[in-house]
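> Fold the stuff below for me.
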Amino acid sequence: MITDLFINGEFKSTKEKQNIVNPSTGKVIAEVSLASSAEVELALASAREAFDQGPWPQFSLLQRKDFILKIAQGILDNAAELAQLETQNTGKPIKETTFMDIPSSAKTFEFMANNFMSYLVNEEIEVSEDAKSRLIREPMGVVVLIVPWNYPLLITCWKLASALAAGNTVILKPSSITPLTTLELAKIIHQAGLPDGVVNVINGSGAKIGDELCVDKRVDMVSFTGSNEVGKQIMQYSSRNVKKMTLELGGKSASLVFNDVELEVAVNSCLASIFLNQGQMCTAMSRIFVQEDIYDEFLADFVEKAKRIRLGLADNFETQMGPLINDAQRKKVIAYIDKAKAEGAKLVCGGRIPENPELKNGYFFEPTVLIDVNVHSHIFREEVFGPVVLINKFSGSDEAAILANSVDFGLAACIWSKDLFLAQELAKKINAGIVWINTYGMFYNQLPYGGFKQSGFGKELGKEGFLEYTRLKNVILDQSSEAKPLVNYWYGF
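Numbers count the residues shown, from 1 in each chain. Coordinates of the predicted model:
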């Protein structure tokens, strides 16, 4: 297991260390190095020099593709170890890391390697008889990637594959809570033979090193995924020296279930949409609105199945829901539930720490369902980031759209209906960056992902996500025999 920082092609141990805890057991599983200002400076200088003077920008696109494919293969070659690490570090059930997170991480690199060259085709535009322009896509330069704790490796790969394919050099900062798979990825990158300084991985809390990373003039772009609160702080940091940013922030997503659905499919899908990864997802459908004619039947089936979800240690393949990331997050969830009940919501399922003695040392919490939630209450409008869902009713599609749009976030939404015309018309009215119809959580490498409103700006994945890591240059060639009017204007003076 790699526990050191990775800077300028070398693994570096630091004096300051941090314990990493397994959320299932509460036990320390690793001690990792923490970056100080000195390591941040080394990473900044390394990435800048690698872009300005190193061989990486001079490599052909085919050479770049080869490196990216090596990283994809390295992830696959180490898939079992990475899955175990991700499970131990995050509390994700091993079934999810084995069959979802790790394979998807490798596929992200593989897809980008096989497609980025088609995204870099330069466009030529005839602007007049004698002049033409070439629009050229270039790398941004030095890119800082800041990754959250809920999908440490997968979101790292979303960002890193595009950033490298575009030709950038990178400083990657994982969450200091969950750095293990990102540090292990550094070993894979090192073994792939990327030139020194192209990728630097530094572990540390955002409160201590975020300012230095985001403010520095040597950084051309910051890509952040995380909470709305921290995203705003990063915007403040970065504003002190102008640079490009992409932000994928929180969500309070809505699932809209219409009368004509296959009830079992809708219930099962809605369960996954909120209780997958213990509800610690930006796209969690934490507000479910059900058309009134089927509301009672939907609620009864949903609650009955929620009560049967198997909580357990994350390394057990039978576990459906593991622990929350830490005790602080569990206390936050409990505080939101207490506040919701004080504001009139009715608790119909969960809302407790499980009594199972096997789980007593971990940060477990039962799947929780609230009803009769007031639209003005805190839990209706604010992101909980835990296994807590509210289920309210609606009458028709106009009310459904109003309810879906009645929060500050605009990340995702689901529509469940056999009436595809209604669903597609409703999708136009929903103010969210991604709308799933009769499905949930399908992320495709060829399609962009990102939110609106307080959920941030910019895209990940697909051509659009790749182009975020490039800048567009306009090169105008004038072939006329005489100077243009703006030049002629000065003649005779």
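
> What strand or helix carries residue 347?
For residue 347, the host element (DSSP states H and E) is strand 346-349.

> May I have the strands that pair with the helix or strand following that strand, each with its orientation?
Next along the chain after strand 346-349, taking DSSP H and E as the criterion, comes strand 368-371. Paired strands of strand 368-371, with direction, are strand 346-349 (antiparallel), strand 388-394 (parallel) (DSSP bridges).

> Can you point out the buried residues in the shortest one?
Buried positions in strand 346-349, judged by neighbour count with 16 or more other C-beta atoms under 10 Å: 347-349. C-beta here means a position set from N, CA and C on the backbone, and glycine is covered the same way.

> residues making contact with it?
299, 303, 306-307, 337, 341, 366-372 (C-beta atoms under 8 Å, 6 or more residues apart in numbering).

> Next: the last one.
Outside strand 388-394, the residues that touch it by C-beta under 8 Å, 6+ apart are 256, 274-275, 279, 285-292, 295, 298-299, 302, 333, 336-337, 340, 345, 350, 368-373, 379-380, 400, 403.

> Give me the buried subset of those.
Counted by 16+ other C-beta under 10 Å, the contacts of strand 388-394 give 256, 274-275, 279, 285-291, 295, 298-299, 302, 333, 336-337, 340, 345, 350, 368-371, 373, 379-380, 400, 403 as buried.

> Helices - which of these land there?
274-275, 295, 298-299, 302, 333, 336-337, 340, 379-380, 400, 403 (DSSP state H).

> In those residues, find the pair that's most separated.
333 and 400 (26.8 Å; C-beta to C-beta).

> Quickly name whichever of the contacts of strand 346-349 is closest to residue 8.
Closest approach to residue 8 among those (C-beta to C-beta): residue 367, at 46.0 Å.

> and the nearest residue to residue 433 once chain neighbours are set aside, what does it touch?
The spatially closest residue to residue 433, leaving aside those adjacent along the chain, is residue 451, at 4.2 Å (C-beta to C-beta, 6 or more residues apart in numbering). Residue 451 makes contacts with 248-249, 251, 282, 409-412, 432-434, 457, as judged by C-beta under 8 Å, 6+ apart.

> change it to 6 Å
Applying C-beta atoms under 6 Å, 6 or more residues apart in numbering to residue 451 gives the contacts 410-411, 433.

> Just the pLDDT at it, thanks.
Note on residue 451: pLDDT of 98.

> now it: how far from residue 269?
21 Å (C-beta to C-beta, to the nearest Å).

> quick one: stretch 472-485 to chain centroid distance?
Chain-centre distance of stretch 472-485: 42 Å, with C-alpha atoms, centre = their mean, to the nearest Å.

> Now that stretch: average pLDDT?
Stretch 472-485 shows a mean pLDDT of 82 in the predicted model.

> same question, stretch 205-221
Here the average pLDDT along stretch 205-221 is 95.

> so which helix or strand takes in residue 64?
Here residue 64 is assigned to helix 61-77, by DSSP H and E.

> What residues of that helix count as buried?
For helix 61-77, by 16+ other C-beta under 10 Å, it's 64-65, 67-72, 74-76.

> Nearest to residue 123 among these?
Distances from residue 123 to the buried residues of helix 61-77, taken by C-beta to C-beta, are shortest for residue 64, at 20.6 Å.

> roughly how far apart are that closest one and residue 156?
Following C-beta to C-beta, the distance that separates residue 64 from residue 156 is 19 Å.

> can you check residue 143 too?
Taking C-beta to C-beta, one finds residue 143 at 13 Å from residue 156.

> higher neighbour count, the two?
Between residue 143 and residue 156, counting by other C-beta atoms under 10 Å, residue 143 is the more crowded of the two (29 against 23).

> Parallel or antiparallel, list what pairs with the strand or helix carrying that one.
Using DSSP H and E, residue 143 sits within strand 142-146. Here strand 142-146 has these sheet partners by DSSP bridges: strand 169-173 (parallel), strand 221-225 (parallel).

> Run through who's touching that strand.
47-48, 51, 159, 163, 168-173, 213, 218-224.

> run the last query once more with 7 Å
With contact meaning C-beta atoms under 7 Å, 6 or more residues apart in numbering, strand 142-146 is reached by 47-48, 51, 159-160, 163, 168-173, 213-214, 218-224, 226, 469.

> Put the alpha carbons of that strand into CSV.
Provided in CSV are the C-alpha atoms of strand 142-146 (Å, rounded to 0.1, in the frame of the first residue of the first chain):
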residue,chain,number,x,y,z
VAL,A,142,-1.2,23.1,-15.0
VAL,A,143,-4.4,21.7,-13.7
VAL,A,144,-5.3,21.2,-10.0
LEU,A,145,-7.8,18.3,-9.5
ILE,A,146,-9.6,18.2,-6.1
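
> Would you mind identifying the next helix or strand past that strand?
Strand 142-146 is succeeded, C-terminally, by helix 152-165 (DSSP H and E).

> And that following helix, what does it pack against?
helix 61-77, helix 79-90, helix 102-119, strand 142-146, strand 169-173, helix 180-192, helix 462-467 (3 or more C-beta pairs under 7 Å, 6 or more residues apart in numbering; DSSP states H and E).

> at 6 Å instead, please
helix 102-119, helix 180-192 (3 or more C-beta pairs under 6 Å, 6 or more residues apart in numbering; DSSP states H and E).

> which one of the contacts of strand 346-349 sits closest to residue 238?
The nearest member of these to residue 238, counting by C-beta to C-beta, is residue 337 at 35.2 Å.

> Could you dump the contacts of strand 346-349 into CSV with distance to residue 426 and pLDDT added?
As requested, those are exported to CSV (distance: C-beta to C-beta, whole Å; pLDDT from 0 to 100):
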residue, distance to residue 426, pLDDT
299, 22, 98
303, 26, 98
306, 26, 98
307, 31, 98
337, 30, 98
341, 32, 98
366, 33, 98
367, 28, 98
368, 28, 98
369, 24, 98
370, 24, 98
371, 23, 98
372, 24, 98
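
> which one of the residues you listed sits closest to residue 319?
Using C-beta to C-beta, these come closest to residue 319 at residue 367, 13.0 Å.

> The closest one and residue 59, how far apart?
On the measure of C-beta to C-beta, residue 367 and residue 59 end up 49 Å apart.

> With neighbour numbers in mind, choose between those two.
residue 367 (26 against 17).

> Tell me who's in contact with that one.
So residue 367 contacts 275, 306, 309, 350, 387 (C-beta under 6 Å, 6+ apart).

> can you do 7 Å?
275, 306, 309, 321, 349-350, 387.

> One more: residue 30?
1, 3, 20, 180.

> So which of these is surrounded by the most neighbours?
Busiest of the contacts of residue 30 [other C-beta under 10 Å] is residue 180, holding 25 neighbours.

> And whatever helix or strand residue 328 lives in, what does it pack against?
Mapping residue 328 onto the secondary structure by DSSP H and E places it in helix 327-342. The helices and strands touching helix 327-342, judged by 3+ C-beta pairs under 7 Å, 6+ apart, are helix 378-381, strand 388-394.

> can you redo those as TSV with mean pLDDT?
Formatted as TSV, the helices and strands packed on helix 327-342 follow (pLDDT from 0 to 100):
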stretch	mean pLDDT
helix 378-381	98
strand 388-394	98
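
> any idea which of the ones you listed is most buried?
strand 388-394 (a mean of 24; mean count of other C-beta atoms under 10 Å).

> Could you give the separation of it from the chain centroid?
Using C-alpha atoms, centre = their mean, the offset of strand 388-394 from its chain centre is 25 Å.
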